[in-house]
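# would you be able to build a 3D model of this:
(chains A and B)
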Amino acid sequence: MSTRSLKTQAITSHVRERILRRGFFSHTLAFWLLLPSLLVIGLIQFYPGIYSILLSMQDRRAGRVEWVGLSNFERILGSGAFRESVGHTVVFLAGYVAVTMLLALLLALLLNRNLRAGGFYLTLLFIPWVLADIIVGLIFGLLVVPEYGLLSPILSNPALFPPKGINIPSDPAPRPWIAGFPFPPAPAMVYLILASSWRALPFITLLMLAALKTVPSEIIESARIDGASSFQTLRLITLPLILPTLVVALFNLLLGGVNGIGLVFTLTRGGPGTATEVLSYLLYVVGFQRLEFGRAAAIAVIMAVFNLLLIVLTLRISRGGERAA
Amino acid sequence: MQAAIPSQPNTALLKLRRRVAPIVLNGLFIAILIFLMLPIALTLATSFKQESDVLRRPPVLLPCDNLEKGTFSLRQCRFVTEGYERVIAPKPNPQALFGVQLSGRMFSTYLPNTLLYATASAAVVFVLAGMAGYAFSRYHFAGRKLLLVMILAITGIPLLTNLLALYQMAVDLRKAGIPGYDERMFMVMVYVGFQLPFAIWVVKGFFDTIPRDLEEAAFIDGCTPIQALRHIVAPLALPGLLAVFLLCFVNVWNEFIAGFLLLARREARTAMFGMYDFLSQNIINYQVVAAACVLVAAPVVILFLFTRNTFFQVMSEGAVKG
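The predicted model follows:
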């Protein structure tokens, strides 16, 4: 061994040790590299989060700050509008997740067949993902304008949609099967779910495709030789193998679904009546239309807790998957 | 133990299947794509119609029929650019570039603002996420794991939660009357704050794939850490950083609610606000709304088509990490 490489090794380990040994604040370079990002995140994300928690315990309607403890939460949790919008959110999420996951799995399985034009299909398929939710709302809204919308001749046809055809922007929800739970949903809610799924489909398809590509083809082939049908291979081999990704996709959809609001803004504005008033839209209405900041903050805190729970669960499950792998 | 060996498979049938399967599959795909692209195609068609064709009952997909004779032929289509002209509203103005002033609000105000916000935020995120991602990837300081998890957790706080506080901040800043203050600066900072956490995670992932030996060799040759970062690591990480830039650009371009709530002056508002505004103004002029949709979406769609592989890469990377 030459002296040069020995010297090199000594210096390398010295540098490494110097880097490893020091703590956060003593390590000046790391500190300065991180400082700007941490400042911005602190100001734009961390401080507002704390502020919202404090705000949720205040009443500011009279132009002054009054501490009211948890009464904002009591009022919100006890109000009919909140309970109703939780119902809408649950219906929306269930439909959104089910439709998107099923269609995305189907598309991903098809794309995984290694077609020559697969890349081209995937690219076209992805265009909805690049569109803003506001624009998707407008596009879908234009299609169902009563009488003038291009889909309205189909929708208002009584033969296809008995008894009178449907008018998406204005038809109210049918009578709920269970009192207080908005199911079956209004046509507007179904349409909102379809439009949201349309936009989320590309991303979830890509996730699933990436996972499917990691499934070794030998396993599938050997299962086939043993006489398993396509459906059996899918159910017993492919799906369990990509389960961690399915979970990540599921949580992605849940997070996006709870917090998404742009589509509601341009497609339904919570209507007809309150048929599509999901939690995020209720937060907007309470906070920025009625200017009841305290109560809006209470809704925001409830939503944030739900989100954090989802994130912790996702981390747990994806970490668990890593450990098993 | 081998079960009964199946009799010789019908090779002719297998061959036929192998030949037919791709055709069926491609056909299926084309059908699915046509169905999924239908909303976009119909919007494009609407955007080129004239008002009288938009307001026909029952609606027509393509304005290619002869109204008197009731015949349909692609040669007699009445496609016009009226919708686009009303969005852009060009006016002759000798002082302006090319002698034409784009007087529609979308082009004179909203789109330039959105371009500014998207470019500025993406550039700042590019630099800050590069720095922070490098620090997280290379320095194992105390509290690193905790900070990383906290940054990830922050991405889960709904945007609307933060907006209550940011709204108050925007109001306070406006009232404070700081000389030279422009609410556009605050807006860029808000967008940077929203985009940074995810960007840091992605960039850290990219730095993690670059071997440390390269830098250590550079240290030994006398580079300072900053020099090593600039000359050795940054060029290698550039594709990843560019991906972050693009993702951030598209996200900010498409963002609506923050711009809608935080910006007070019309001069500072975004294209997405302009779209939302259309809904209240041109409720009967569907061709104008459709044309505006096409014009505002076109830049990011074109950007995506040219850089799609970068997008696919960063998204599957980010997805795997949760």
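
# from now on I want contacts and neighbour counts done on CA atoms only, so please keep to that.
Will do.

# which residue packs closest to the spatially most central residue of chain B, ignoring adjacent ones?
For chain B, the residue whose C-alpha lies nearest the mean C-alpha position (Cα atoms, centre = their mean) is residue B:250; its distance is 2.5 Å. Nearest residue to residue B:250, sequence neighbours excluded (Cα to Cα, 6 or more residues apart in numbering or on different chains): residue B:300, at 6.3 Å.

# can you give me the buried ones in the helix or strand that contains that neighbour?
In this structure, residue B:300 sits in helix B:286-306 according to DSSP states H and E. By 16 or more other Cα atoms under 10 Å in any protein chain shown, the buried positions in helix B:286-306 come out as B:286-297, B:300-301, B:304-305.

# now for it, which elements pack on it?
helix A:118-130, helix A:133-143, helix B:11-47, helix B:51-54, helix B:82-88, helix B:271-281 (3 or more Cα pairs under 8 Å, 6 or more residues apart in numbering or on different chains; DSSP states H and E).

# possible to save these as CSV with mean neighbour count?
CSV is the format used below for the helices and strands packed on helix B:286-306 (neighbours: other Cα atoms under 10 Å in any protein chain shown):
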stretch, mean neighbour count
helix A:118-130, 18
helix A:133-143, 24
helix B:11-47, 15
helix B:51-54, 18
helix B:82-88, 19
helix B:271-281, 19
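
# nearest to residue B:65, of the ones you listed?
The closest of those to residue B:65 is helix B:51-54. By Cα to Cα, the value is 10.3 Å.

# dump the residue contacts of the residue in the stretch 51-200 of chain A that chain B sits nearest to.
Per Cα to the nearest Cα, residue A:132 is where the stretch 51-200 of chain A lies closest to chain B, at 4.6 Å. Neighbour list for residue A:132: B:253, B:254, B:255, B:297 [criterion: Cα atoms under 8 Å, 6 or more residues apart in numbering or on different chains].

# and which of those is nearest residue B:77?
Nearest to residue B:77 among those, counting by Cα to Cα, is residue B:297 at 25.0 Å.

# and that closest one, how far is that from residue B:271?
Going from residue B:297 to residue B:271 by Cα to Cα, to the nearest Å gives 10 Å.

# can you tell me which residues in the stretch 151-300 of chain B are near chain A?
For the stretch 151-300 of chain B, the residues in contact with chain A (Cα under 8 Å from any Cα of the partner chain) are B:153-154, B:156-166, B:189-190, B:192-194, B:196-197, B:216-217, B:220, B:250, B:253-257, B:272, B:275-276, B:279, B:286, B:289-290, B:293, B:297, B:300.

# where does the nearest residue to residue B:88 once chain neighbours are set aside fall, phi/psi-wise?
Leaving aside its sequence neighbours, residue B:88 sits nearest to residue B:104 (Cα to Cα, 6+ apart; 4.8 Å). Torsion angles at residue B:104 (phi, psi; degrees, to the nearest 10) stand at phi -60, psi 140.

# isn't residue B:104 right up against residue B:87?
Yes: contact criterion Cα atoms under 8 Å: residue B:104 and residue B:87 qualify, at 5.7 Å.

# hmm, back to that, neighbours of the residue nearest to residue B:88, just the number please.
Close neighbours of residue B:104, defined as other Cα atoms under 10 Å in any protein chain shown, add up to 16.

# list the contacts of it.
By Cα under 8 Å, 6+ apart, the neighbours of residue B:104 are B:86, B:87, B:88, B:89, B:90.

# give me the mean pLDDT for the helix or strand in which residue A:198 is found.
Assigned by DSSP H and E, residue A:198 belongs to helix A:187-213. Averaged across helix A:187-213, the pLDDT comes to 91.

# next structured bit after it?
Going down the chain from helix A:187-213, the next helix or strand is helix A:217-225, by DSSP H and E.

# send the alpha carbons of that next one over as PDB?
Output in PDB follows, covering the C-alpha atoms of helix A:217-225 (Å, rounded to 0.1, in the frame of the first residue of the first chain):
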ATOM      1  CA  SER A 217     -42.100 -11.800 -13.800                       C
ATOM      2  CA  GLU A 218     -40.700 -15.200 -12.700                       C
ATOM      3  CA  ILE A 219     -43.200 -15.500  -9.900                       C
ATOM      4  CA  ILE A 220     -46.100 -14.700 -12.200                       C
ATOM      5  CA  GLU A 221     -44.800 -17.100 -14.800                       C
ATOM      6  CA  SER A 222     -44.300 -19.900 -12.300                       C
ATOM      7  CA  ALA A 223     -47.800 -19.400 -11.000                       C
ATOM      8  CA  ARG A 224     -49.100 -19.600 -14.500                       C
ATOM      9  CA  ILE A 225     -47.300 -22.800 -15.100                       C
END
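
# how about that helix: buried residues?
Using 16+ other Cα under 10 Å as the test for burial, helix A:217-225 gives A:220, A:223.

# what mean pLDDT does that helix have?
84.

# pLDDT weak spots in the chain?
Answering for chain A, as no chain was given. Residues of chain A meeting the criterion pLDDT under 70: A:1-27, A:62, A:318-325.

# chain B was what I was after
B:1-10, B:96-99, B:282-284, B:316-322.

# per-domain residue ranges of it.
Chain B breaks down by automatic domain parsing into domains covering B:11-82, B:105-320.

# just these: most buried one?
Using mean count of other Cα atoms under 10 Å in any protein chain shown, the stretch among the domains of chain B with the largest mean neighbour count is domain B:105-320, at a mean of 19.

# which residues touch residue A:85?
Residues in contact with residue A:85 (Cα under 8 Å, 6+ apart) are A:276, A:277, A:278, A:279, A:282.

# so it sits in a helix?
Yes: Residue A:85 sits within a helix when classified using DSSP: H, G, I helix; E, B strand; the rest coil.

# follow-up on the earlier one: so the residue nearest to residue B:250 sits right up against residue B:251, yeah?
No: using Cα under 8 Å as the test, residue B:300 is too far from residue B:251 to be in contact (9.7 Å).

# tell me the spacing between the spatially most central residue of chain A and residue A:98.
Centroid-nearest residue in chain A: residue A:256, 1.9 Å away (criterion: Cα atoms, centre = their mean). Using Cα to Cα, residue A:256 is found at 14 Å from residue A:98.

# what's the answer for residue A:258, then?
In this view, residue A:258 and residue A:98 are 15 Å apart by Cα to Cα.

# could you do residue A:214 as well?
Using Cα to Cα, residue A:214 is found at 24 Å from residue A:98.

# likewise for residue B:207?
Taking Cα to Cα, one finds residue B:207 at 36 Å from residue A:98.

# in terms of helices and strands, where is the nearest residue to residue B:133 once chain neighbours are set aside?
Nearest non-adjacent residue to residue B:133, counting by Cα to Cα, 6+ apart: residue B:204, 4.1 Å away. Per DSSP H and E, residue B:204 falls inside helix B:183-208.

# gap between that helix and the chain center?
How far helix B:183-208 lies from its chain's middle: 15 Å, per Cα atoms, centre = their mean, to the nearest Å.

# try stretch A:28-40
A distance of 30 Å separates the centroid of the chain from that of stretch A:28-40, by Cα atoms, centre = their mean.

# does chain B sit close to it?
Yes: in terms of Cα under 8 Å from any Cα, part of stretch A:28-40 sits within range of chain B, namely A:30, A:33, A:34, A:36, A:37, A:40.

# what residues sit buried inside that stretch?
Within stretch A:28-40, the residues scored as buried using 16+ other Cα under 10 Å are A:30, A:31, A:33, A:34, A:36, A:37, A:38, A:40.

# kindly report the same for stretch A:222-237.
A:223, A:233.
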